[in-house]
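> Turn this into a structure:
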Amino acid sequence: MKALLLASAAVLLLADVAAAQTAGQAAQPRPASPPGSDITRDLNSMPGDPMGTTRAGPATPPVIEEAEDEDEAESGTPPRATVTPTTPAPATRPPPRSAPPPIEEVEAMEDTPADPPVDDDDAASAPPEPAEPEAPPPPPSLTRVAVADAPFDIDLPAGFQLYQRPAGPDAAIYEVRRRDRGYVVIYAGCCSQFPIFTGRQVEATGRFSVVTSENGEQHAVEHLFQREDAPEQIHVWVSSVPEADRATAEAIAQSVDPR
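Numbering: from 1, shown residues only. Okay, the predicted model is just below:
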């Protein structure tokens, strides 16, 4: 509708312009005709129609290229805008995130204690030697005694002690121990049970000894001293000890000497 109104206005404007030009030409004075001139010739020589007016032809309306615009103008629908498709910029995708570890692995990692830091100085230094464990206390039935209070002399290596255990009214039993192990037992009284071991008996320097033979080696494992004064008998024998300590036990037993 708007395009039609604009076309009508353009036609009217062109008609007004043509009329104004015609009026200007008519207003100019014409030269006087000589007397006796032919009026018909004069009229024919004038431009335009015989009536002296020039009519402008209808102006050609502007050509509307798109019929769709006219239809849209008549229907009152605004013209559609032409959208030029543009290539969208590629979307930037974030880098894929790594999948979280399974729950079992997370719990195992939390439960696993962290390794303590390693000190280079401690790693380079040699580990200290383990301290010798303290000797456990002797059985309640044993009482530690000094060698001077015993009715005999004895040589005790370092780490060995002499203990006394209860016995009858006229007897005493002593034991040589190191830590929790007994090595030699000594009976001092009137009635010993010599011999305990089975072996060859040998008498020498006031004592009777029992000698056993094992794997071609002789072992003096038992000794008996007899005296006139109390205690009348001092009976010494070797306890059951590991093979590595057997020589030590036999040497202690052979060092006993009544006072």
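
> show me where pLDDT drops low in the stretch 1-150 of the chain?
Low-confidence segments of the stretch 1-150 of the chain, defined by pLDDT under 70, span residues 1-140.

> can I assume Tyr183 is in contact with Pro242?
No: here Tyr183 does not reach Pro242: they are 10.5 Å apart, not a contact under C-beta atoms under 8 Å. (Each C-beta comes from the backbone N, C-alpha and C, glycine too.)

> who has more neighbours, the two?
Per other C-beta atoms under 10 Å, whichever of Tyr183 and Pro242 has more neighbours is Tyr183, with 23 against 8.

> Assign that one to one of the three secondary structure states.
Per DSSP: H, G, I helix; E, B strand; the rest coil, the secondary structure class of Tyr183 is strand.

> Show me where the stretch 101-250 of the chain has its helices.
For the stretch 101-250 of the chain, applying DSSP state H, counting those that start in this stretch gives helices covering 103-111, 120-124, 246-254.

> contacting residues around the closest residue in space to Val210 that isn't next to it in sequence?
Among residues not flanking Val210 along the chain, Glu222 sits closest, at 4.0 Å (C-beta to C-beta, 6 or more residues apart in numbering). With contacts defined as C-beta atoms under 8 Å, 6 or more residues apart in numbering, Glu222 is in contact with 194-197, 199, 209-210, 235-238, 253.

> Could you tell me how many residues sit around Gln193?
When neighbours are counted by other C-beta under 10 Å, Gln193 comes out with 9.

> Kindly state the pLDDT recorded for it?
Looking at Gln193, its pLDDT is 92.

> That one and Asp153, how far apart?
Applying C-beta to C-beta, to the nearest Å, the value for Gln193 to Asp153 is 23 Å.

> Show me what Val176 is bridged to.
Listed beta-bridge partners, Val176: Leu162, Val184 (assigned using DSSP bridges).

> and it, what does it touch?
Residues near Val176 by C-beta under 8 Å, 6+ apart: 154, 156, 160-163, 182-186, 252.

> Which members of the residues you listed are classed as buried?
154, 160-163, 182-186, 252 (16 or more other C-beta atoms under 10 Å).

> would you turn the contacts of Val176 into CSV with pLDDT and distance to Ala204?
Shown next, in CSV, are the contacts of Val176 (pLDDT from 0 to 100; distance: C-beta to C-beta, whole Å):
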residue, pLDDT, distance to Ala204
Ile154, 97, 18
Leu156, 96, 23
Phe160, 97, 25
Gln161, 96, 29
Leu162, 97, 25
Tyr163, 97, 28
Gly182, 96, 26
Tyr183, 98, 22
Val184, 98, 19
Val185, 97, 21
Ile186, 97, 19
Ile252, 97, 18
